[in-house]
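> Have a look; sequence and predicted model below, questions after that.
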Number of protein chains: 2
Amino acid sequence: MSRAHNFSAGPATLPEPVLRQAQQEMLEWHGAGASIVELSHRGPEFLQVAAQAEADLRTLLSIPSDYAVLFLSGGATMLQALLPLNFAAPGQAADYVLSGHWGKTAIKQARPCVAANIAASSEAGGFRDLPARDAWQLSDGAAYVHITANETIHGVEFREVPDVGGVPLFADFSSSIASEPLDISRFGVVYGGAQKNLGPVGISFAIVRRDLLGRQGQPRAEILDYRAHAAKESMLNTPPTWNWYLLGLTVKWMLDEGGVAEFARRNARKAAALYAAIDGSDGYYRNEVSPAVRSRMNVPFFLHDAALDKAFLEEARAAGLIGLKGHRALGGMRASIYNAMPEAGVQALVDFMGDFRTRHG
Amino acid sequence: MSRAHNFSAGPATLPEPVLRQAQQEMLEWHGAGASIVELSHRGPEFLQVAAQAEADLRTLLSIPSDYAVLFLSGGATMLQALLPLNFAAPGQAADYVLSGHWGKTAIKQARPCVAANIAASSEAGGFRDLPARDAWQLSDGAAYVHITANETIHGVEFREVPDVGGVPLFADFSSSIASEPLDISRFGVVYGGAQKNLGPVGISFAIVRRDLLGRQGQPRAEILDYRAHAAKESMLNTPPTWNWYLLGLTVKWMLDEGGVAEFARRNARKAAALYAAIDGSDGYYRNEVSPAVRSRMNVPFFLHDAALDKAFLEEARAAGLIGLKGHRALGGMRASIYNAMPEAGVQALVDFMGDFRTRHG
């Protein structure tokens, strides 16, 4: 096949112009005599690439100047392990709002180093809704409150930034960063893996309010220390340079396309079209998430008869639609429709779902 | 310019056939409808790439079956921080042999979590030699003994595996893995960043004797736990898939070229030619490392007059030779001549050094 519409949840589809540029520059970057993947991270070429990526990300996300931007190895899971080490004192409490699989992971990674309090959970309802803010049981003296802004597997999303008073709000934005305008100043830390909505796999980002870097945290190696990374502009050691470069190309592409305001419009149209196809199928397809908190990025859905799943996936692939298999935790299907998924891709999926129903209904 | 000979210490030159294949497959991998960088790490395509890379690395390095092979995010510095967390009890001693900059980094990362004992050091002599084995002061009951097999900056290299009795020997092989045959069974852990001699930046490897994974270590998040990574075959979370893929292509290339025995011969010839050019220059160029422990991979050298450094670097670049600037810790020049550096590249450097001396002598 040629390039398909790829609904994978992450690693995920990238803009074709970004891949074409990376392809063109694979053997030599801008007359440097070598590929960017071969050049020293301390040389002028990569320093330029790195600085431009940060500047463009600051523009794209309107990041205030009192926030540091870190580009780090590892994914969101690694960042989750580092949050208490960097921002909580030994034995201090931290509040976690549990709204799906990734919220659970965040708690699991934090537990060895913090008194992780589950301030609220929607697990009893199968993570089909978000815990109402007025039922959250926040701790006195918590180091931070942690939320998962968008749950990639369960397909639920905070549509408003919750008010947690003066305690810093930390949020995993792996799957929804840059999908719409966001007021970063409402957060202490916004972090995530890049491989869903911000670029390639193999690099993560952390946007940290600088005053929080003054917290002592807990004994830890320098390489696990955000302050040390910030002081060295994410070049404390050799960073994942190629991944950083591809992230930069992706961010530049987003700016060229019109920025987060434009992607918010496209994403709203894409999500509306797909949910309408599901909701309008007379139960042939179903999404079980409470409509008010449905994710605009990740749309899990089920066929009315799981015996049809295999045929659905096979015929979808034949129609040029891949990456639709649901996460093993839920089964069924999932369509991830990040910024790099064009509206035509969603329309092709909607059309296919209609055709499939007609043929197998 | 077109592609130059790139002597960068890491990220470093990659085999051109590897880059060409990555270029060709950038928009679509083997009919999958997407680039490998866009495909799920849990899908059949990437699982095949990952398994093949491990199998090929096991073949290339003759890794015994009682060793786990981990592919991890972050570089050697991150692995250094994880060694005591995984393999030392709280308060236990670990012995470190200090032979250069990277040995220092290893100790620095370990210190917060282990009683790091400097068993021997060549710092007083400017790291121009290795501490003689019979002068090492090993601790009773040490969790492990750590060495840096090859010091990328100072250009010294262990030419024999030191005998440390029954204590597991841990070694940072970032810059010399796969450069010659190695008896892995002499080590507890062999680890490193891939970006010098094993492939691209953005991924690291750890070859761990499986019985050591039974050690309790210290409280740590799951993502910092080697046992958890081993149990999930390095897919505990989303791994740096593209980097893993490029590592696999590089390892396959090494096998196709004749494996480590062949690279040992080439590397010996390359190092001999370059050191001969330095030693035979009547002091115009000099390398200060004790000849018996000179690195075959990283050759630091100085011009007799540092005022010529700028001209040397500029004229080298004009001659298609890049990445020769020495590390800021030492100044001068450094030529890294890893497996992917062809003998013709070293010959071109040797020729240039002779020409430069003639013109500026």
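Thanks, I have the structure now.

> hang on, residue A:83 in a strand?
No: going by DSSP: H, G, I helix; E, B strand; the rest coil, the assignment for residue A:83 is helix, not a strand.

> Just the pLDDT for it.
For residue A:83, the pLDDT comes out at 98.

> and the residue of the stretch 251-361 of chain A nearest chain B?
Using Cβ to the nearest Cβ, the closest approach of the stretch 251-361 of chain A to chain B is made by residue A:322 at 5.0 Å. C-beta: built from backbone N, CA, C; applies to glycine.

> Return the residues in contact with the residue of the stretch 51-200 of chain A found nearest chain B.
For the stretch 51-200 of chain A, the residue closest to chain B is residue A:81, as judged by Cβ to the nearest Cβ, at 3.4 Å. Shown in contact with residue A:81 (Cβ atoms under 8 Å, 6 or more residues apart in numbering or on different chains): A:109-110, A:113, B:220-224.

> coming back round to it: how much space between the residue of the stretch 251-361 of chain A closest to chain B and residue A:72?
As judged by Cβ to Cβ, to the nearest Å, residue A:322 and residue A:72 stand 29 Å apart.

> One more: residue A:224?
10 Å.

> likewise residue A:236?
Going from residue A:236 to residue A:72 by Cβ to Cβ gives 9 Å.

> right, and the helix or strand after the one helix or strand residue A:191 maps to?
According to DSSP states H and E, residue A:191 maps onto strand A:189-193. The C-terminal neighbour of strand A:189-193 among helices and strands, as given by DSSP H and E, is strand A:204-209.

> Identify each buried residue in the following helix or strand past that next one, please.
Downstream of strand A:204-209, the first helix or strand assigned by DSSP H and E is helix A:226-231. Within helix A:226-231, the residues scored as buried using 16 or more other Cβ atoms under 10 Å in any protein chain shown are A:226-230.

> chain center to helix A:226-231, what's the gap?
Put simply, helix A:226-231 sits 22 Å off its chain's centre (Cα atoms, centre = their mean, to the nearest Å).

> do the same with stretch A:201-214
Taking Cα atoms, centre = their mean, one finds stretch A:201-214 lying 14 Å from the centre of the chain it belongs to.

> Now do the end-to-end distance for that stretch.
Terminal residues of stretch A:201-214 lie 30 Å apart, using Cα to Cα, to the nearest Å.

> same check, this time on stretch A:157-175
10 Å.

> Could I get the phi/psi values of residue A:171?
Phi and psi for residue A:171, reported as degrees, to the nearest 10, are phi -140, psi 130.

> next one: residue A:75
Torsion angles, degrees, to the nearest 10, at residue A:75: phi -100, psi -160.

> I'd say it and residue B:237 touch.
Yes: applying Cβ atoms under 8 Å, one finds residue A:75 in contact with residue B:237, separated by 5.0 Å.

> quick revisit: which residues does the residue of the stretch 251-361 of chain A closest to chain B form beta bridges with?
residue A:6 (DSSP bridges).

> which residues does it contact?
A:4-8, A:316, B:32-34.

> now, which of those sits nearest residue B:50?
residue B:32 (14.4 Å; Cβ to Cβ).

> how far away is the closest residue to that closest one other than its chain neighbours from residue A:8?
Excluding the flanking residues, the one nearest residue B:32 by Cβ to Cβ, 6 or more residues apart in numbering or on different chains is residue B:45, at 4.9 Å. Between residue B:45 and residue A:8 the distance is 11 Å, computed by Cβ to Cβ.

> Neighbour count for these two, which is higher?
residue A:8 (24 against 19; other Cβ atoms under 10 Å in any protein chain shown).

> where along the stretch 1-150 of chain A do the strands fall?
Under the criterion DSSP state E, counting those that start in this stretch, the stretch 1-150 of chain A contains strands at A:5-6, A:67-72, A:93-98, A:115-121, A:145-148, A:150-151.

> Tell me which of those strands sits nearest to residue B:357.
strand A:67-72 (42.1 Å).

> So which elements touch the closest one?
helix A:44-61, strand A:204-209, helix A:226-231 (3 or more Cβ pairs under 8 Å, 6 or more residues apart in numbering or on different chains; DSSP states H and E).

> So what's the gap between the longest one and the chain middle?
Computed by Cα atoms, centre = their mean, the chain-centroid distance of helix A:44-61 equals 20 Å.

> For that helix, buried residues please.
Across helix A:44-61, burial judged by 16+ other Cβ under 10 Å covers A:45-46, A:49-50, A:53-54, A:56-58, A:60-61.

> ok, back up a step: among the strands of the stretch 1-150 of chain A, which is the most enclosed?
Using mean count of other Cβ atoms under 10 Å in any protein chain shown, the stretch among the strands of the stretch 1-150 of chain A with the largest mean neighbour count is strand A:150-151, at a mean of 30.

> could you check the distance from the residue lying closest to residue A:21 once chain neighbours are set aside over to chain B?
Distances taken as Cβ to Cβ, 6+ apart put residue A:249 closest to residue A:21, at 5.8 Å, once the chain neighbours are dropped. Distance from residue A:249 to chain B, counting by Cβ to the nearest Cβ, to the nearest Å: 12 Å.

> that's a strand at residue A:249, yeah?
No: counting by three-state DSSP, residue A:249 is not part of a strand but helix.

> State the distance from residue A:139 to residue B:20.
Distance, residue A:139 to residue B:20, by Cβ to Cβ: 56 Å.

> Alongside chain B, which residues does the stretch 151-300 of chain A contribute?
A:193, A:195, A:200-203, A:219-224, A:236-243, A:246 (Cβ under 8 Å from any Cβ of the partner chain).

> coming back round to it: dump the strands of the stretch 1-150 of chain A to CSV, plus mean pLDDT.
Formatted as CSV, those follow (pLDDT from 0 to 100):
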stretch, mean pLDDT
strand A:5-6, 98
strand A:67-72, 98
strand A:93-98, 98
strand A:115-121, 97
strand A:145-148, 98
strand A:150-151, 98
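
> need the ones you listed in a markdown table with distance to residue B:348, can you?
What follows is the strands of the stretch 1-150 of chain A, written out as a markdown table (distance: least, Cβ to Cβ, whole Å):
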| stretch | distance to residue B:348 |
| --- | --- |
| strand A:5-6 | 43 |
| strand A:67-72 | 35 |
| strand A:93-98 | 57 |
| strand A:115-121 | 58 |
| strand A:145-148 | 54 |
| strand A:150-151 | 52 |
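
> Quick one, which of those strands gets closest to residue B:143.
Residue B:143 lies closest, by Cβ to Cβ, to one member of the strands of the stretch 1-150 of chain A: strand A:67-72, at 27.7 Å.

> which outside residues touch the closest one?
With Cβ under 8 Å, 6+ apart as the test, strand A:67-72 has contacts from A:50, A:53-54, A:57-58, A:63, A:78-79, A:184, A:203-210, A:213, A:226, A:229-230, A:234, A:239, A:244, A:247.

> repeat that for 6 Å
A:54, A:203-210, A:229-230, A:234, A:244 (Cβ atoms under 6 Å, 6 or more residues apart in numbering or on different chains).

> Next, the contact list for residue A:181, please.
Contacts of residue A:181 by Cβ under 6 Å, 6+ apart are residue A:260.

> try 8 Å
A:62, A:260-261, A:264.

> swap in residue A:30?
Contacts of residue A:30 by Cβ under 8 Å, 6+ apart are residue A:45.

> neighbours around residue A:107, how many?
There are 20 residues near residue A:107, going by other Cβ under 10 Å.

> distance of it from residue A:100?
Taken as Cβ to Cβ, the span from residue A:107 to residue A:100 is 12 Å.

> gap between residue A:307 and residue A:91?
Residue A:307 is 52 Å from residue A:91, by Cβ to Cβ.
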